[in-house]
Structures are given as C-alpha cells and as structure tokens.
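**Student:** After the sequence you'll find the predicted model.
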2 protein chains.
Amino acid sequence: MPLLGETVSASPRFEYLFHPRSIAVVGVSTDFSRVGPGRMYVEALLGSGFKGKIYPVGRSGGQVFDLRVYPALKDIPGSVDYVISAIPASETPRLVKDCAAKGVKTVHMFTAGFGEIAAKNGKKLEDEVASLARRSGIRLIGPNCMGIFCPDTGLSFELSLPRRSGSIGFVSQSGGNAIQAVREAQTKNLYFSKIISYGNAADLDECDFLDYLTDDPGTKIITAYIEGFEDGERFKNVIRRAARAKPLVVYKGGTSAGGRRAASSHTGAIAGSEIVWESFLKQVGAVQVYSLDEVLDMAVLFNYLTPPKGKAVGIIGIGGGNSVLAADACAREGLTAPLLPSAIRRRLEAIYSSEAGGSFRNPVDMYFAKFNLAHETVRAVADSPGIDLIIVHMTIGWSPKNDVDLAKKHVELLTGICGEVKKPVVVALRPFGPAKYTDATADAEAALFEAGFPVFFSVASAARAINRYVDYYQRRKRSR
Amino acid sequence: MPLLGETVSASPRFEYLFHPRSIAVVGVSTDFSRVGPGRMYVEALLGSGFKGKIYPVGRSGGQVFDLRVYPALKDIPGSVDYVISAIPASETPRLVKDCAAKGVKTVHMFTAGFGEIAAKNGKKLEDEVASLARRSGIRLIGPNCMGIFCPDTGLSFELSLPRRSGSIGFVSQSGGNAIQAVREAQTKNLYFSKIISYGNAADLDECDFLDYLTDDPGTKIITAYIEGFEDGERFKNVIRRAARAKPLVVYKGGTSAGGRRAASSHTGAIAGSEIVWESFLKQVGAVQVYSLDEVLDMAVLFNYLTPPKGKAVGIIGIGGGNSVLAADACAREGLTAPLLPSAIRRRLEAIYSSEAGGSFRNPVDMYFAKFNLAHETVRAVADSPGIDLIIVHMTIGWSPKNDVDLAKKHVELLTGICGEVKKPVVVALRPFGPAKYTDATADAEAALFEAGFPVFFSVASAARAINRYVDYYQRRKRSR
C-alpha cells in the first residue's frame, strides 16, 4: 500500500533498499538438523559476496558459518540498515519495535502467516505491523516473500543463484517464480539487474518497485509477475510510465477462478479479470504474456535481437516434414512466410548444385547431408528483399550417428555468420529422445547464445515471441 | 493413388507388406567414406533383428556387414518378397521391370526426385514407375519416403530405433517426423506397432495404411501425420471408419501458405485448408492436434489414463506462484478447478496440522518442506466428489540442495499410490536451469511412466491434452 497521497515516482529514495551497509538476519537457528530459512539467508548473503556486515540473530546464540549469532538485535555492536525477518508472525510486532529502536531503515519479512491466511487475525496482524513500521519510518518488503536479489551488491535469497549482474529487472509477487526465472535465464545467458519478490505488499508494493526499475539506469528491460494490486489508478499510471520508458513484459497471475483463489491464498492478492488487463496493457504498449517461459522468451528477444521490420520470415531447416511444420507454426503464431524471389531461388539452386527448385521457395529445406551449406543458405535468404527475419530450425536426435557432431558443426557455421548477415536471425533448437541429445542441445544452445543468437525451444514459441516483439516496435513507431 | 474402383477396405491383403520373408536393398555401396542410404537400410534391418533373408544389391559387388553384395537383383539365388530402392530416380523404371521378372511383391522407394520436384519430368517419371508396377502386380510404397517400421518383424528404417513393439500405429507422410516420434515416444515408455512413412503415395497411400491400421489387431491407437490426399470422398470414408474403430489422432501438415508450399516440395501433396479439416475431424470424432508433441501427448493419455468423467481438476503442487500459474493454465485450456468441499479442506488441514485453510481450497499448495505428505494429499483430493481428475505439478531445480533428492522422494510417494487412488492422476514435471535438473527430471519421468502415470512437460500441455481427451469420450458417449 502506498503512503497516503504518494502518487509521484519515489524511486531515488528507494535506491537505499538495494545498498544496505549491514544486514541482520533475525531467526537464525544453529540446529542444522532442521530446515532453517534464517540460516539459508545468511548462507545466501555470504555466497553471493555481500560486502557489508552480516549479523545473524537467534535466541540460541552460538555461531553459524563462522559468524557470531547475536541473541537479540540490540546486542549487535554496529548500526543495522536492513533486517531480514525469519521469525514466527506473532513475534514480528515486537521485532519492528526493536528495529525502530536500532535505527533500521528496511525490514524484509520472509515471515508468512499474515493476510494470505484465511484466519482473520492474519490480516489484522499484517495491518498492525505495517502501521508500526510506518510510524517509525521503516519501509517493509513483504511479508511472505523472498525479498531482494541484487547481484551488484550481493543481496540474494538463494545460495545457488548466479552472482553475475545483467540488464533485466523483475518485479515478482512470487518468490518461487523469481527463483525459477533466474535459473532458467542463466541457461540463456541472461542475467538480472534486480529482482524484487514482494509477497503481500503490506507497505512497498508493485508500484514502488516498478517505478524504481523505470528509473534504474542498470535495468534495460522490465519484467513483472503480478497477482493483484491495491490502487487501480496509481497502478495504471505506473505501468504506463514504465512501458513508455522501457520494454515492459507483464505476466498477470490469477486470471481464472482457481488462479484467483490460489493468488489470495498465496499473497492475499485480489486479482482482476483477464480481459481488462489485456486491453489495458495493449493500450499502454506493454507486452502481455501467459507463462514464465514466455516472459523469458520476450527477454531473450529484447536482449538479443535487432527488431525486424515486419513479420515476413525466411524459414531454414533440415527435413521436408519439419519444414511443413515450421511454416504452419509460424502462420498460426501470426508470421508470414512469403515465396522467395526467383533470383534468390536460383542462387540457392546454384549453392546446392541441384536441378530441383522446389525446396528453396520458403521454407528452405537444407537436406540432411548438406549442413556445410548452412552459412551460404542463411546469407542468400537474408538477401531476399521481402524477408524481414530468419528462423533456423534444428532438431537434435534425428540420426544416432551424426547428430551430436552435426549439431556442433551447425552451431559453428551459424556462429561464424553472426554479424555478417544483415537480417535478424533466430534459432529454434530442440532435442528428441534420449538424454545425450538433451545434453548436446544444451551445449549447442549455450554456444549460440554466447555468439549472440536468440534461441527458442520450438518454432512455435519463437514465432509467438517474434509476433509480439514486432507488434511492440510497430506500436511504438505509430505512437511517436 | 488407389487402384481404379477400389473403395472397400483392402487391409487383409496388405498384411504381407509387413511380413516379407526376404528383402533386397538395391543401391548398396561398399564405399564407407560416403553417406550410403542403401547401406543404412541393410544395417537397420540387421540391427532390428529382421529374421528373413537380407540381400544387399550394388554394382560394386563385394561385402557389407559380412553379407555378399549382389551386382544385380537377378543374381540373387532365392526369391525376393520386398525390395528397398536406394538408387537414383532415373534408374527406377528399369528396377521395377527387374522386380517384376524376379517376382517381387512390394517395392519401397526411398529414392526421391519424382513428383515432389519442380521439374515436370519428376511427376512424369513417378507416373511411369507407378504404372509399370501396377501392370506387374507390384505394390509401391513411396517414392521419397522412409518406408515401414514394424518391430515385430524387424522391419526398420533406422538402426537406433527401439526393437520393442507397442500399440500405437502411425501413418506419417514424413519419415523425419516418424523417426522423431519414435525417439520421443521411447522416453514416455510408448512403443509402436507399425509406422508407415509413405512419401509421395504414387500407389499405396494414406487411405490404404489407415485402413490397414483400422483392422490391425496389434494397433490400439491410430496416429497420423498427413500433408495431403488424392481422393477426398475415399479419404473421408477411411477416416470415418478408423475413428469409429479406434482413437484416431490426426496432425494435418500444410495448413498455411508456406506449409502448403513446403508440403508440395516435400511429397508433392496438395493440402486442404485448415477450417475444413477441423470441422470434418470433429464431426467424425477424430482428435485434431497441432504439433508432433501434441500427437504424443494424446498417445500418452490414450495409453495411460482411465478417461476422466469430466473436466473438473484438482491441482496439487508446491509453491504459491506455481499454484496460481497452474490454475490459470488449466482454465485457459478448458478445464475447471472447483473449490474443494469443506470436509476435504478440513481433512487436508488436519494432514498438514495447520490452522491456515487457504492453501487447500484448490489449487492445493503442498508447501516446500511437506513433500512427505504428497501421498495423503492426493488421496484426500481424489475423494472430493466434485473432482474428476488430479494434476500433480512438480518443478525440479528450485532448490540446489534438495531438489534432486526431493524429486526422487516425490516420485517414490507418487508411484506408491498408483492403483490406490480412484481418480485419474496426471503429472506435470519440468526442470528449470542447469543440465543436472534435466537429467533428474528425465529419471523422474521414466520412473513415473514405468509406474503408469501419464507425464507432461507442463500443466498447460497436460490440460490441453486432457481437454481433448475428455471431449473425445464425451462425444463417443453422445453418439452411441
């Protein structure tokens, strides 16, 4: 919930949320035989290279990871900027009072059991804690959330997340989705500037964080997973401003009856209906998507691909059946595959020294044994005046003898043309069957991303993302 | 193309196609430094345990895989039932004449360069070969195709394909799609009775093979990838009869302009428009799908799942965000997730010894640390009178410390309840991030399929397939 009367951007103020000099994690148990979220946070901060002071706090005292565990917040010798709460909900009002006494600026409440539970006292407790914080000038993140991930300063909520920083900001009402996104993005050579999992949003909410990312120079692409919001007018203004400033990809959760029920159990959110969101997001120029995979597919395009001028795609791959399927999938997702001009077809026929012209009309079938011609094929299709972009589709696992090597060779040839071809090139790459092809595909994917190609799981998912991507730039052009 | 006047089912006659006593592969080169499709077929037959005689034929003579290579068909001492042609198109009329002289019954033409090429002489040559075969009483498969895969008799077109036989028949105009399907199906513990890749269909066509599978007692589920057909009325009758007899899953290729262009380059097929197919297939009770993955997803359900009585799904998984997404995905794909009755909610609350009732309303959030309750959770939800089926969703790769073990534990618990739960249970299982989670997921998937659970890549793909599956049985019930 915003502070009363707060409708303008407040992002400069919020910079400090991401740069605490000292963090106390309250609720750290030294009993390693039990799952301990407090200990997990201490470990994550240590592992992520947080450079400030880390103070574990727990009744038992003792040590964790060679750090002294303080019995209470007040026992910490230095000042504390930021507190992570991993204690039971009933003890949090007392904690907020202690934080006020200690001069803490930010409290992140991992603690759950507030407005998201059915019992009425949950919401009451949440209001009490928020009100206590407000009166003490403390800003709350959460409760019931994973908090902040900011690789630059070593703020993290999971030991295994990459320490590398990137250009994607992610405002995620769900911590689980945030973690999944980071892990999956890593395989696409995509990294995050800041992620905020904000849960019940008792104080700081999606609007505050979207506003922050809108003004954050380190964030080039804003992505958001949102289950609900409090103040419709403010939310619309914030979304509008964000979409004007940067590519904004929104995944709205809780669009179905079951989803709304889950959202209210999850973060206490009251989710709007899908139709209203669709038209609103379209109107302001945000990209709406319908799964976490689609969030990342859009991030891949915004990160890797020069915007194509239109939706006319040249489709290149191996196999007659595959070519049919690729063309059909493109059409279903809103792209067109125009006939290549005769000059280009003749050039392709010459490359393949073939009398047959049938496979070079678009889609282009490279044939199984002609992988060494991928290079020239892509260049020829890119030279077609009517083609806006190229999709190269590859299936790994077709032939047991050649496929892993073939994939490597393909990838070498493709990475070799990067920068030479003037049209945007996208790769659809997937394995079939046994695990070794999955592994070979992962290697090929990594090499292609490294070389700067956007890679997708299927032609259909590539085409769906490209359709939205071209729409995005065409709308921006019109609205200028 | 059918023989003139042939409109009734001819399947008993076609049994012999799948049971040759001897096969000659014509066009076998002993030069191992070059790709040799003829040699590949010999190797595939040997590797697949074909029990009849295998005669390689090639001008060079010599030996391959310890088999004598005969210079010509006429040099083979014994009789030859079946010939696989891997020679250039221009030499095939001569081959058909040689086959007639040798008393060959079936010629499978792997050879391409006929009606699918742009040059007019391609179609002319195809007609000539078909007419020569017809006059000699020889039946042609192809040209331009992979031919027959029949594990029972060791007929195969790829060395690495499984030798195990199953209950799925697949009529695939594309050989590449056929190979991909077999490899992918293997990871789902699904196997094929017969696959026919029939290419240009100069003689035997999709109708002949669909008719055969309709009457084949070894085939319980018919799947088809079709790019085009010759005789619309006959085709409709064949499809109608097949759909009445067995579950029939049809993937129509060439529904877009680019796809039609690719189809005509691929197999010379003339593809119809999508709309006509959709209404026709719906009317006759066939299941139309839009990708190879969806073909297999339907095969998984027909093979593994007792048909649910309706579309009301109980959704069980870990994570608040995941629960929201799962419910939304189900709704978008046509399923409903009704509120669980209060008695069941109380039972779940008791299982989790929790005061909070919010996460047990449907979707049910099992919480991260409570995986040992999966068993009882599934049973409780299954006991809800308003629930027709259950989707359990699992994400592997959430936590680096516990996830692989957690997945194993989950799988053990789930496989433990197989047979105990009275409602159909489906699992959506996917990895996030690094390859080790992909491997752990593959292991979990294999164990679940082995135990008899249908497993899907995502809640969305599971829900889409289930929606079609329930529709299929409801239509059948109404039409009775």
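**Tutor:** Noted; the coordinates are in hand. Residues are numbered from 1 along each chain as shown, chains lettered A, B, ... in the order given.

**Student:** Surely A:Y251 touches A:A224?
**Tutor:** Yes. When contacts are counted by C-beta atoms under 8 Å, A:Y251 is listed as touching A:A224 (6.9 Å). Heads up, the C-betas are built off the backbone N, CA and C, glycines and all.

**Student:** In chain A, where is pLDDT below threshold?
**Tutor:** A:1-12, A:269-275, A:354-358, A:367-372, A:397-403, A:433-436, A:480 (pLDDT under 70).

**Student:** Tell me how it divides into domains.
**Tutor:** By the assignment in automatic domain parsing, chain A contains the domains A:11-141, A:151-304, A:313-479.

**Student:** Give me the residues contacting the strand or helix carrying A:R94.
**Tutor:** A:R94 is located in helix A:92-102, with elements delineated by DSSP states H and E. Contacts of helix A:92-102 with the rest of the structure, by C-beta atoms under 8 Å, 6 or more residues apart in numbering or on different chains, involve A:26, A:72-74, A:76, A:79-80, A:83, A:85, A:87, A:107, A:109, A:111, A:125, A:128-129, A:132-133, A:136-138, A:143.

**Student:** Show me what counts as buried in it.
**Tutor:** A:92, A:95-96, A:98-100, A:102 (16 or more other C-beta atoms under 10 Å in any protein chain shown).

**Student:** again, but for stretch A:142-156
**Tutor:** Buried residues in stretch A:142-156 (16+ other C-beta under 10 Å): A:142-151, A:153-156.

**Student:** Could you do stretch A:161-170 as well?
**Tutor:** Within stretch A:161-170, the residues that qualify as buried are A:161-162, A:166-170, counting by 16+ other C-beta under 10 Å.

**Student:** Pick out the most distant pair among the residues you listed.
**Tutor:** Using C-beta to C-beta, the two most remote members of the buried residues of stretch A:161-170 are A:L161 and A:S167, lying 16.4 Å apart.

**Student:** so what's A:T438 up against?
**Tutor:** Contact criterion C-beta under 8 Å, 6+ apart gives A:431, B:435, B:438-439, B:442 as the residues in contact with A:T438.

**Student:** Closest one of the residues you listed to A:N200?
**Tutor:** Taking C-beta to C-beta as the measure, A:N200 sits nearest to B:T438 out of these, at 33.8 Å.

**Student:** Where does the closest one fall, secondary structure wise?
**Tutor:** Counting by DSSP H and E, the element that carries B:T438 is helix B:435-451.

**Student:** chain center to that helix, what's the gap?
**Tutor:** Counting by C-alpha atoms, centre = their mean, to the nearest Å, helix B:435-451 is centred 20 Å from the centre of its parent chain.

**Student:** Could you tell me which strands sit next to the next helix or strand after that helix in the sheet, and their orientation?
**Tutor:** Heading C-terminal from helix B:435-451, the first helix or strand you meet, by DSSP H and E, is strand B:455-456. Here strand B:455-456 has these sheet partners by DSSP bridges: strand B:425-431 (parallel).

**Student:** which residues touch the partner strand?
**Tutor:** B:305, B:326, B:378, B:382, B:389-397, B:414, B:417-418, B:437-438, B:440-441, B:444-445, B:448, B:453-459, B:461-462, B:466.

**Student:** that older thread, quick one: which of the contacts of A:T438 is most hemmed in?
**Tutor:** Using other C-beta atoms under 10 Å in any protein chain shown as the contact criterion, the top neighbour count among the contacts of A:T438 goes to A:P431, which has 26 neighbours.

**Student:** any idea how far it lies from A:N322?
**Tutor:** Here the criterion is C-beta to C-beta, to the nearest Å. By it, A:P431 lies 14 Å from A:N322.

**Student:** Then A:A446?
**Tutor:** The span separating A:A446 from A:N322 equals 23 Å under the rule C-beta to C-beta.

**Student:** Run a quick neighbour tally on A:G259.
**Tutor:** A:G259 has 29 neighbours, counted by other C-beta under 10 Å.

**Student:** Does it touch B:G320 like I think?
**Tutor:** No. The pair A:G259 and B:G320 fails to qualify as a contact (C-beta under 8 Å) at a distance of 11.2 Å.

**Student:** Return the subset of the contacts of helix A:92-102 lying in strands.
**Tutor:** Using DSSP state E to define strands, the subset of these located there is A:26, A:83, A:85, A:107, A:109.

**Student:** closest to A:K53 among these?
**Tutor:** Ranked by distance to A:K53 (C-beta to C-beta), the ones in strands among the contacts of helix A:92-102 are led by A:V83 at 12.4 Å.

**Student:** For that closest one, list each beta-bridge partner.
**Tutor:** For A:V83, the beta-bridge partners under DSSP bridges are A:A24, A:V107.

**Student:** Next up, the contacts around it.
**Tutor:** Contact partners of A:V83, counting by C-beta under 8 Å, 6+ apart, are A:23-26, A:73, A:95, A:99, A:104, A:106-108.

**Student:** Start and end of stretch A:159-174, how far apart?
**Tutor:** With C-alpha to C-alpha, to the nearest Å as the measure, stretch A:159-174 spans 18 Å from end to end.
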